[in-house]
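build me a model:
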Amino acid sequence: MNEDWKDYISIIVFLFIVLGGLILIGSCNGGWAVAGWEITPSDSSNIFVSLFDQDSTQHSYKRPIHLDGDNWCYKHELWEMVRKNG
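Sure thing, here's the model as predicted:
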């Protein structure tokens with residue numbers, strides 16, 4: 001076998017060993033992690049909430065919603081008053 005091929009194969013084997021070890025070490029905590037950073041429920045991508053008006057119009061607000069106050073509607077791009085019914 002050519003010396004260049006031996007070098008290429010040894011580099012690939014080394015990368016598999018190192019990357020495989022990093023994956024195994026990073027996944028031992030039993031929870032979700034990205035690049036060693038633990039993901040908590042507060043990191044959820046669900047930061048918007050959709051509400052439906054009395055006439056079934058959908059509105060999209062960023063959490064937390066201020067009840068009985070003004071909230072920016074990202075769907076309609078304007079400030080809207082949100083009131084609790086009842």
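
do a quick rundown of the helices in the chain.
Remark: helices of the chain, listed N- to C-terminal, are 3-26; assignment by DSSP state H.

how is it divided into domains?
Domain assignment for the chain, taken from automatic domain parsing, gives 3-40, 45-82.

weakest of these by average pLDDT?
With a mean of 72, domain 3-40 has the lowest mean pLDDT of those.

ok, back up a step: got the domains of the chain as CSV, with mean neighbour count columns?
In this view, the C-beta of every residue, glycine as well, is placed from N, C-alpha and C. As requested, these are exported to CSV (neighbours: other CB atoms under 10 Å):
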stretch, mean neighbour count
domain 3-40, 10
domain 45-82, 11
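
can you tell me how far residue 4 is from residue 17?
When CB to CB, to the nearest Å is applied, the distance between residue 4 and residue 17 equals 21 Å.

got it, and residue 5?
With distances taken as CB to CB, residue 5 is found 19 Å from residue 17.

how about the strands of this protein, start to end?
Counting by DSSP state E, one finds strands in the chain at the ranges 33-34, 37-38, 48-52, 58-62, 69-73, 78-82.

residue contacts, residue 59?
Applying CB atoms under 8 Å, 6 or more residues apart in numbering, we find residue 59 in contact with 50-53, 73, 75-76, 80.

return the set of residues that bridge with it.
Counting by DSSP bridges, residue 59 is bridged to residue 51.

nearest spatial neighbour of residue 61, chain-adjacent residues omitted?
Of all residues beyond its chain neighbours, the one nearest residue 61 is residue 71 (4.7 Å), with distances taken as CB to CB, 6 or more residues apart in numbering.

and if you look at residue 72?
residue 79 (5.8 Å).

ok, that neighbour - contacts?
For residue 79, the residues meeting the contact criterion (CB under 8 Å, 6+ apart) are 70-73.

what does residue 74 give?
Contact criterion CB under 8 Å, 6+ apart gives 48, 60-62 as the residues in contact with residue 74.

ok, now residue 47?
Contacts of residue 47 (CB under 8 Å, 6+ apart): 62-63.

return the distance of it relative to residue 13.
Here the criterion is CB to CB. By it, residue 47 lies 43 Å from residue 13.
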